[in-house]
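>>> predicted structure and sequence below. I'll ask about it afterward.
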Amino acid sequence: MNSLFLLLAAAVAFVFGYRFYSRLLALGVFRLEDNYSIPAPERPAEDEPRRSKRHLIFGHHLASLAAGAAVMGSLVALTWGWIPAFLWVVVGTVTAAGTYGLGSLWLSLRYPGLNPAEIAARLVGAPAHTLFALFAFLVLLIMNAASATLAAQLLSGFPQAVLPFWAVAGLAWFLGVFLRGRKDFEILAAALIALILGLMSMWLPGELPLAFTGMLSFEAGNSFVAFDATVVWILILFAYGYHATRQPMWKLIRPRGYLTALLLGVMLCIAYTAVVINHPILVAPEFNAIPDIPATLPWLFVTLTSGAVAGFHLLIANGITARQIRRETDARYVGYGGALALGLLALSAVIIGSTGFADLQEWNRHYGTWRDSRDLHQVLALYINGYARLAGGIGLDPAFTRTLAATVMLGLLVATLEAGLRLQKQFLTGLTERMPSLLPVNEKSQITFVVLLSAALALHQARGLGGLAWWPLFGLADQLLAVLGFALLALALKQRGRPVAWVVTPLLFMAVVAHWAYAVLAAQWWSAENWLLLGLGTLLLVIELALAWLALNTLKSSVTPPA
């Protein structure tokens, strides 16, 4: 199969989705109003101007959407062959992910200044607040640990990307300060200059690496603590996260996410230009079955947690993006468009993972066992090196393109970490208002608490590999969160007398797949005597079922006439 066919089929589907399906959702389901006056929030966002330019918002939104998970999930999903992965990325993005992205922004704009836990309390009753806030906090905790671990391993494994990564962060700070209060036309010029300087930071130093060497170990009986390069980078990243979370969003986090999104656009343009010119042949099988591989259902959908539908998008839309949007109609461009952009990134991973090998035998050596195909560090390395080979086919320097891909992946992972820490702080603030005697009250203490808790989870096992141990649980939790997000959308639409079938259909599908996945994972954790993962997974399931019960009762009471 020619990879150009995959690109053309996806392009047709994405154009059709944005041109027609998103318009149907915007006008017929969510009924976005251009003249809708977004009310002032009950609690204004701290240090954040109420409205911003939509292109800035789009870039920051895209960079924050756990895009690294889209790459890894798509590559792991190739274990079952390229057809299942391709169909889920394209069809799932156009239908479910686009609906969820647009709907999440609409819901947040209709309840301005309220986090999803507070929206849940409005829709299904006060008990939902604590349950939803606890669920979201745990999901963010797992995601922060995994993002920091993967970013640290990339900084260790691709030391040539270290200097460009920090150079982009410095450029973003200058960009944020410069763009404060500027006109729209000034944004484009400043962004292009920052983009060019960012690309030069990857090209001029060449293969100049910055790395830590050696290891410091502390042994006590059968356990030990090993401070290697990964551990050092995890500590540095969380120190950076603490600093970034305390800064106003316009100063560092938003411009860094926007600049990362621009670099991602350059990277994808190069990749798809190479596909159009060279159209490499897919060596991966259409369907694949190896002795120890789990069944396609439900694993494909849980593994591809951000390749199509990811519950985390509701938290980003609510806590980051909706606080800056000027008009309700921008939800279509930012929400649905962001889902399509993430789908394009996931598609690039499917193509690179299917064409980046000499033949089927070499592909089978990489995907020969289920354990090997789930090594997330190797999965990211496969994407970065495969991207460099693909770009090299059109005459670009492999060293430069490898550094570009590594820097972009680092930027996406760190953008997710930044967003996760900020969102955790927001949920903790809401919980503190209800339980002031149990949780830290002032902002500095709250940020310190969430950073230390996330870092502890990332560093558990004492070798800086803790975050990766939580990845299967994150995939499950992300899907359960998507179920809850679709349920909130259905309730909000029902209350306003609008059609709910467009969100109930993906809700039912996601509910079946997510609970099926829990049963499979719980059996594995029980057999492996992994009581921590089993306990946390069961806790998340119980919370999700309790919230689903409250939502179902609310839905019944809204359609049952009084006696």
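Cool, got the structure. Residues are numbered from 1 along each chain as shown.

>>> quick one: buried residues of the helix or strand harbouring T99?
Under the criterion of DSSP states H and E, T99 resides in helix 98-110. For helix 98-110, the buried set under the neighbour-count rule, 16 or more other C-beta atoms under 10 Å, comprises 98-110. Any C-beta I mention is one placed from the backbone N, CA and C, and that applies to glycine too.

>>> for the longest helix seen in the chain, buried residues please.
If you go by DSSP state H, the chain has its longest helix at helix 398-434. Judged by neighbour count (16+ other C-beta under 10 Å), helix 398-434 contains these buried residues: 400-432.

>>> just stretch 10-20 next, same as before
Residues of stretch 10-20 classed as buried by neighbour count (16+ other C-beta under 10 Å): 10, 13-14, 17-18.

>>> chain neighbours aside, what residue packs nearest to L340?
F14 (5.0 Å; C-beta to C-beta, 6 or more residues apart in numbering).

>>> next, that neighbour: phi, psi?
With angles defined as degrees, to the nearest 10, F14 sits at phi -70, psi -40.

>>> contacts only, for it.
90, 93-94, 340, 343-344 (C-beta atoms under 8 Å, 6 or more residues apart in numbering).

>>> top of the residues you listed by neighbour count?
T93 (28 neighbours; other C-beta atoms under 10 Å).

>>> from S3, how far out is it?
18 Å (C-beta to C-beta, to the nearest Å).

>>> for this structure, which helix or strand comes out least confident on mean pLDDT?
Taking mean pLDDT, DSSP states H and E as the measure, strand 216-220 is the helix or strand of the chain with the lowest mean score, a mean of 51.

>>> and the furthest pair within the contacts of F14?
Greatest spacing in the contacts of F14, by C-beta to C-beta: V94 and L344 (11.8 Å).

>>> same list, the buried residues of helix 98-110, but as TSV with distance to L476 and pLDDT please.
What follows is the buried residues of helix 98-110, written out as TSV (distance: C-beta to C-beta, whole Å; pLDDT from 0 to 100):
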residue	distance to L476	pLDDT
G98	23	93
T99	21	95
Y100	17	95
G101	21	94
L102	25	96
G103	22	96
S104	20	95
L105	25	95
W106	27	95
L107	23	95
S108	24	94
L109	29	92
R110	29	91
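
>>> name the nearest of those relative to A310.
With C-beta to C-beta as the yardstick, the closest approach to A310 among those comes from Y100, at 8.1 Å.

>>> residues in contact with the closest one?
Neighbours of Y100 in contact, by C-beta under 8 Å, 6+ apart: 309, 313-314, 339, 482, 485-486, 489, 506.

>>> quick check: phi and psi on the residue nearest the centre of the chain?
With distances taken as C-alpha atoms, centre = their mean, the residue of the chain nearest its centroid is A66 (1.5 Å). With angles defined as degrees, to the nearest 10, A66 sits at phi 50, psi 50.

>>> is it true that it touches T416?
Yes - under the criterion of C-beta atoms under 8 Å, A66 makes contact with T416 at 4.9 Å.

>>> ranges for the strands of the protein?
Here the chain has its strands, by DSSP state E, at 216-220, 223-227.

>>> where in the stretch 401-550 of the chain is pLDDT low?
Residues of the stretch 401-550 of the chain meeting the criterion pLDDT under 70: 438, 461-468.

>>> and K53, what's its pLDDT?
K53 carries a pLDDT value of 76.

>>> how many other residues sit next to it?
That count, for K53 with other C-beta under 10 Å as the rule, works out to 17.

>>> numbering from 539 from now on, please.
In the new count, where the first residue is 539, that last one comes out as K591.

>>> do I have it right that it meets I725?
Yes - using C-beta under 8 Å, K591 is in contact with I725, at 5.9 Å.

>>> what about Q1062, neighbour count?
A total of 13 residues lie near Q1062 under the criterion other C-beta under 10 Å.

>>> please tell me how far it sits from F552.
Using C-beta to C-beta, Q1062 is found at 35 Å from F552.

>>> likewise for G663?
Distance, G663 to F552, by C-beta to C-beta: 39 Å.

>>> what do you get for R660?
Distance from R660 to F552, by C-beta to C-beta: 34 Å.

>>> and what of A879?
Taking C-beta to C-beta as the measure, A879 falls 9 Å from F552.

>>> H593 too?
19 Å.

>>> what's in contact with stretch 1024-1035?
Looking at what lies outside stretch 1024-1035 - C-beta under 8 Å, 6+ apart - the contacts are 567-568, 638, 641-642, 645, 648, 654, 657-658, 661-662, 852, 1037-1038, 1041-1042, 1044-1045, 1048, 1085-1086, 1089, 1092-1093, 1096-1097.

>>> how about it, which residues are buried there?
Within stretch 1024-1035, the residues that count as buried by 16+ other C-beta under 10 Å are 1024-1032.

>>> put the alpha carbons of that stretch into PDB.
Extracted in PDB, the C-alpha atoms of stretch 1024-1035 (Å, rounded to 0.1, in the frame of the first residue of the first chain):
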ATOM      1  CA  PHE A1024     -19.800  13.200  27.100                       C
ATOM      2  CA  ALA A1025     -22.300  12.700  30.000                       C
ATOM      3  CA  LEU A1026     -21.900  16.300  31.100                       C
ATOM      4  CA  LEU A1027     -22.400  17.400  27.400                       C
ATOM      5  CA  ALA A1028     -25.500  15.300  27.100                       C
ATOM      6  CA  LEU A1029     -27.000  16.700  30.300                       C
ATOM      7  CA  ALA A1030     -26.300  20.300  29.300                       C
ATOM      8  CA  LEU A1031     -27.800  19.800  25.900                       C
ATOM      9  CA  LYS A1032     -30.800  18.100  27.400                       C
ATOM     10  CA  GLN A1033     -31.500  21.000  29.700                       C
ATOM     11  CA  ARG A1034     -31.500  23.400  26.800                       C
ATOM     12  CA  GLY A1035     -33.700  21.200  24.600                       C
END
